Structure formats: structure tokens, C-alpha cells
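Student: Pasting a predicted model and its sequence here:
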Number of protein chains: 2
Amino acid sequence: MDDEFTLELDDQLCFALYAASRVITARYRPLLDDLGLTYPQYLVLLVLWERGAVPVKDLGAALQLDYGTLSPLLKRLEANGLVRRERRPEDERSVIVALTDDGVALRERAAAVPPVIGDAMGLSKEQTAQLRGLLRTLTDNVSR
Amino acid sequence: MDDEFTLELDDQLCFALYAASRVITARYRPLLDDLGLTYPQYLVLLVLWERGAVPVKDLGAALQLDYGTLSPLLKRLEANGLVRRERRPEDERSVIVALTDDGVALRERAAAVPPVIGDAMGLSKEQTAQLRGLLRTLTDNVSR
DNA sequence: CGCAATTACATCGTGCACAACTTAATCGGG
DNA sequence: CCCGATTAAGTTGTGCACGATGTAATTGCG
């Protein structure tokens, strides 16, 4: 009677994952509201703070998001004055996303966020490393 | 130089979680398309298959979703003939969600789904149990 | 070179998530 | 019994996700 795969909600790893992901972004929400950001917008800024100006394509590759998600998101970031978008002269198909001064400046305030989240997660260093490893293995396996 | 909390994307457990969750639902998509379901609709049916008719409130508690998400979702399930919604006579505030015959019948076809997903995840029994445990601990900690 | 294929991006439509607000039914204290 | 508070659900508006489609720029092959 050890049916490995059932239709029971609590058995499903996928639901645990889905629930955990939503709880986490809910925890981010009040912190990011103070910065005027949504969670996906915050992820885009993480990439830009780390790498500097990049084409939209690279953002999509880093975050695994397509243009249908990124185009309007970047438009909103631009409307909020955090980002500039400019066609690359050497290849007019490509759009480079770059931080404005406001976008760069926001990084300092954002630095306060990860410790709060890390604290709320309440996992030991070992548990954190283990979880990250399992999630990557799973993501790699599934997306193959 | 072991800054525990940085703004680097790859360090963030939250991103690993967010990415894993989206990859999983992407893997579900073609399977659920065949059943005419979306992933959240599938989760609702899991609850109904397991518990039978329940009020909307209980669905929300089980899946951690609010009425703003569930009301239109249930309307679509009803429009597709998988579910009925009826006010409870003893308390007209409450709406009971019950499976139709089609909804009950769909369970058999849905039983084919979990093994495919479980297989795609490619984790051992131990890894699966470990991951589920870590996700629950994290969810409990964060939502407290 | 000429042009078909590819690439990078944008747009549109559907369906979640979720906050804020509204409505209708029930409950509970005075 | 009455009325304010609570409860269950629905509605509206915003912002993702993502498939499908469109478009302009570039590439590459004959």
C-alpha cells in the first residue's frame, strides 16, 4: 500500500512548491511595496544590479521569462523611472535595458530586503544549501 | 567574505523556488491541456476528489487561495461542466462546490498525471521526502 | 546580390493571484 | 427584538505568465 503516485493533495510535491513560492512572494510584498516594486520587477533589477545593462533576451534567459512577460514589465519599470530602454545601434533588433540613476540608487535600499526574508525563512545554513540544491536538481531534471 | 544575504540572483533561495514552481507547472501544462484543465483548476479538483462537496471557504483554506482567485476559477469549471455550485439552505451565505458526473469521471484520466510528473522530477524517494519536509518547514516559518 | 529563414522584440488574449471594495446573510449583545 | 459586527462570497483593477501572432532587422544560402 505504498502507492508512490496518488491524487492526494498533501502528497504532491508540486503543491508544496506552489504554496511555498506564493508564501515567499507574499512575504516580499510589503518590503517591495516600500520600494515601489513587484517581485518580478525586483528580480529584473537583481540582474541589472549584478550585470549592468543587458539586452531583453539576456534578462529572459536569466529569469526564464519570455517577451510577453518582460516587455510590459520593462515598460512599467521605465515609466517608474528606474530603467531606460534603447535600441542597440549595431543591431536594431536588440533592446538594451539599462538602469537610470534612480535605478542604481535603489540598490542600497534593496540591500535591506534579503536579510529580512532570510530570517523569516528560518532555515539553517545547511538546510538552505540542501534546499537550494534539491530545487536546482529538480528544475534541471524537469526542464530537460 | 561569507556574506550570508546578498543581492545576487543565484544566491536567492526565493528565485530557485520561483523558477522551480514555474518549471513544474509548465511540465503539467500539456498533460492538463488534454484534460481541459489549468494547473490551479487541477488543484481544486484534487481537493474535491479527495473530500467531496465542500464550501468555497474550505477550498480556499486547503489551497491558500482567496475568493478573488477562486470565484472566477470555479465559474469556469462550472461552465466546463465539471462542477456545480449551490447555496447551502441552512446558511445562504455559503456556496457548496460539488463535482458533476463529468467531474467525477475525470478522476480516472487524471490518475495518469502524477506518475508522469513524478518521473520527470527524477528525485529519489529520500530526496522527495526531504524536499517536501524542507518546503513545509519553510512555508510554516514564513507564513507565521 | 536576392530573398527566404532566423532573430529580437512587441502585442493580444486568457487565466491566475491578490488587494480593495461591495453585498447579502447570519450572529450576538443589550 | 434590534442593530452593529462578523462572515461568506463576489466584483474590480493591476500585474504577472504564457501561448499565439505580428513585425522589423539581420543573416545566410544559392
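Tutor: Yep, that arrived. Computed from a predicted structure; not experimentally measured.
Student: Just give me how far the lengthiest strand in chain A sits from the chain centre.
Tutor: Using DSSP state E to define each element, chain A has its longest strand at strand A:91-99. Distance of strand A:91-99 from its chain centroid, counting by CA atoms, centre = their mean, to the nearest Å, is 20 Å.
Student: residues from chain A in reach of DNA strand C?
Tutor: Neighbours of DNA strand C within chain A, by CB under 7 Å from any atom of the strand: A:18, A:22, A:25-26, A:29, A:55-57, A:60, A:67-68, A:70-72, A:74-75, A:85, A:91, A:93-96. Bear in mind the C-beta positions are built from the backbone N, C-alpha and C, glycine included.
Student: Give me the subset of those that lies in helices.
Tutor: Counted as lying in helices by DSSP state H, out of the residues of chain A next to DNA strand C, are A:18, A:22, A:25-26, A:29, A:56-57, A:60, A:67-68, A:70-72, A:74-75.
Student: Nearest to B:Arg107 among those?
Tutor: Taking CB to CB as the measure, B:Arg107 lies nearest A:Tyr18 of those, at 20.3 Å.
Student: May I see the buried residues of the longest strand of chain A?
Tutor: Using 16 or more other CB atoms under 10 Å in any protein chain shown as the test for burial, strand A:91-99 gives A:95-97, A:99.
Student: Skip ahead from that strand and say which helix or strand is next.
Tutor: helix A:101-110 (DSSP states H and E).
Student: who does the next helix or strand after that following helix touch, helix- and strand-wise?
Tutor: Downstream of helix A:101-110, the next assigned helix or strand under DSSP H and E is helix A:113-121. Helices and strands touching helix A:113-121, by 3 or more CB pairs under 8 Å, 6 or more residues apart in numbering or on different chains; DSSP states H and E, are helix A:13-35, helix B:13-35, helix B:125-143.
Student: Right, I'll call it a day here.
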